[in-house]
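[1] can you look at this prediction? I've put the sequence above it.
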Amino acid sequence: MNRALLLIACLLPLACSSRKDASPPERPGPGPEVWVDGTRGEVGEGSRTRPWRSLAEALARADGPRPPRIHLAPGPYPGPFVLPAGAEVVGEGAVLVGGGEGPVVRASGGALLRGLTLQGGAWGLEAAGGMRLEAVRFEGQREGGVSMGSGDLTVEGSRFEAGAPGAVGLRIAGAGGRARVRDTVFTGAFRRALEARDAEVDGEALRVEGAATGLHQSGGRVVLRRVTVTPGPEVGLFVDHGTLRLEDVTVTGHEYGVQALQGTLETRGLTSLGAVRAGVSLVGARGELVDTRVRGSGNFGAVSLVGSDTVLRGLRVEDAEAYGLTATRGTVRLSRALFTGLTSREGDSGDGLHLRDVDVEARGLVVRGAAGVGVLAAQGARVVLRDASLEACHEAGVWSDTLARVSAERLRVQDAQGPALVVLDNGVLHADGLVAERNAGGLAAAADCTGSTRVTFHRVVGEGLVGPAVPCVGEASR
């Protein structure tokens, strides 16, 4: 073999081995630290002892391969500012002041703001790409605090103060947008404290004070944990065509506490207090609600369901106006539910369950103190009750009307001012294991026996079982 070829052949394995075992190049370390003090008169050089006089000067010199960390002394710094990717601006008592029609700060991505106040401007911050905010305060913006496109945003220990009634606290929009928000307060008359469009948001330990809407979500996925929303005029938390998950969330006031429109709502430990219309509203949505409490709600029902498929486990409703739960179309699976103090403003109506053209299965239901009916089923509703107790329901315990079908197993009805059971207009009701006590109207009543109107019983015990002698009311077997 040619000696030159032999030498190359011997060197090739070494070269390959060298490339294979070589460590990847090290990433650049932290950038230089520079200091800025807007109160100093003399020309500086960016050091701690001789700081630059303006943030603009520091940013203009941030053209090296490694973005700087800029320390700001307390005081105002007139903007606007553009942050290079990866830059860090930190300070205690430093205020970045916006001017003109643009944002106070515009960042391309990868930047950090810590311990600052962003004041004025159309937006406090407009960013695309990764951004991190720590203990940052936004105040006086005309359009909103933060507008974020694609990329990741982290907000910790910050505060958003509304500068105008139509402003947004934090907006994240775009399929690539992701936000993580912790220990943060939104205060003032924001139109929307949080706005998410086709984005992913994870929020924990948040407080929303005085916003028209706490969350307005369109598409995407939002998770909120340990969140408090104080009274406002519109929907407390709203989702449209997205997935909203709530854990240990309390919403006070608002037109609706929580509303889902053609989306998915998953909750655990949700509380709605004093909603004007309804505490929880689902329209064309899917919902799974665990350990929900609604106290004080308007005439749309404490829980209002329209064309939705809903599972509720552990529901407690107190002092609702007109309805505890109203459902039209769709399906409802209800377990461990307690409804108390149901009445209209006039005091002449108020139903525990008000059901129309819907498929319902309820287990472990208690309705206590309804001015109307414990369970009203109408317009072809199909209802199964198991282990239900209907106490002091003024008009009746169960009312089946207009082609509704009700089957009750282990049902107790007591202290009704009317009959225990009412069936009208082709309604059907069958009770197996009925306990009826102290019902002023007797066991059952039917206004007519035309068509398929029918009441049947099996295993009935109690007092005052004598009802009107009509042919469609079967004989009670004991």
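    Structure's in. What do you need? Numbering: from 1, shown residues only.
[2] strand partners of the longest strand anywhere in the chain, parallel vs antiparallel please.
    When the chain is scanned for its longest strand (criterion: DSSP state E), the result is strand 323-342. Using DSSP bridges, the strands paired with strand 323-342 are strand 303-320 (parallel), strand 351-356 (parallel), strand 359-370 (parallel).
[3] list the contacts for residue 200?
    For residue 200, the set of contacting residues under the criterion of C-beta atoms under 8 Å, 6 or more residues apart in numbering consists of 177-179, 220-222. Using the backbone N, CA and C atoms, a C-beta is placed for each residue, glycine as well.
[4] so which of those residues belong to strands?
    When DSSP E is applied, the contacts of residue 200 are split such that 177-179, 221-222 fall in strands.
[5] so residue 184 versus residue 254, what's the distance?
    To residue 254, residue 184 is 20 Å away according to C-beta to C-beta, to the nearest Å.
[6] more neighbours, those two?
    Here residue 184 and residue 254 are set side by side on neighbour count (other C-beta atoms under 10 Å), and the busier one is residue 254, at 30 against 24.
[7] buried set for the longest strand of the chain?
    Judged by neighbour count using 16 or more other C-beta atoms under 10 Å, the buried positions of strand 323-342 are 323-332, 334-342.
[8] can you check stretch 429-438 too?
    The neighbour-count check on stretch 429-438 (16+ other C-beta under 10 Å) flags 429-431, 433-437 as buried.
[9] taking those residues, tell me the two that lie furthest apart.
    Among the buried residues of stretch 429-438, the pair separated by the greatest distance (C-beta to C-beta) is 430 and 437, at 19.9 Å.
[10] quick one: the helix or strand residue 383 falls within to strand 359-370, angle?
    Using DSSP states H and E, residue 383 maps to strand 382-391. Going by axes from the mean of the first three to the mean of the last three C-alpha atoms, to 10 degrees, strand 382-391 is angled at 20 degrees with respect to strand 359-370.
[11] what's strand 382-391 in contact with?
    The set of residues that contact strand 382-391 without belonging to it, under C-beta under 8 Å, 6+ apart, is 352-353, 355, 358-370, 374-375, 377, 397-398, 400, 404-416.
[12] cutoff 6 Å now
    Among residues not part of strand 382-391, those counted as contacts by C-beta atoms under 6 Å, 6 or more residues apart in numbering are 359-368, 374, 377, 397, 405-415.
[13] after that strand, heading C-terminal, what element do we hit next?
    Next along the chain after strand 382-391, with elements defined by DSSP H and E, is strand 396-400.
[14] give me the sheet partners of that next one and which way each runs.
    For strand 396-400, using DSSP bridges, the partner strands are strand 373-378 (parallel), strand 421-423 (parallel).
[15] which residues outside the one helix or strand residue 138 maps to are in contact with it?
    Per DSSP H and E: residue 138 is located in strand 137-139. Contacts of strand 137-139 with the rest of the structure, by C-beta under 6 Å, 6+ apart, involve 117-119, 124, 145, 159-161.
[16] ditto for stretch 202-215
    Surrounding stretch 202-215, the residues in contact under the criterion C-beta under 6 Å, 6+ apart are 180-194, 223-230, 232-237.
[17] show me the residues you listed that map onto strands.
    Applying DSSP E to these, the entries found in strands are 180-187, 192-194, 223-229, 237.
[18] buried only: go through these for me.
    For the ones in strands among the contacts of stretch 202-215, burial is judged from neighbour counts taken by 16+ other C-beta under 10 Å, and it is met by 180-182, 184-187, 192-194, 223-229, 237.
[19] just the buried ones from the contacts of strand 382-391, in ChimeraX syntax?
    Typed into ChimeraX, the line below selects the buried ones among those, using 16+ other C-beta under 10 Å:
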select :359,360,362,363,364,365,366,367,368,374,377,397,405,406,407,408,409,410,411,412,413,414,415
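[20] buried ones in stretch 349-358?
    For stretch 349-358, a neighbour-count test (16+ other C-beta under 10 Å) marks 349-358 as buried.
[21] report the two of these separated the most.
    Pairwise distances among those were taken by C-beta to C-beta; the largest, 21.2 Å, belongs to 350 and 357.
[22] hang on, the earlier thing: can I get the contacts of residue 200 in a markdown table with pLDDT and distance to residue 264?
    Converted to a markdown table, the contacts of residue 200 look like this (pLDDT from 0 to 100; distance: C-beta to C-beta, whole Å):
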| residue | pLDDT | distance to residue 264 |
| --- | --- | --- |
| 177 | 90 | 19 |
| 178 | 94 | 19 |
| 179 | 95 | 19 |
| 220 | 96 | 11 |
| 221 | 97 | 9 |
| 222 | 98 | 11 |
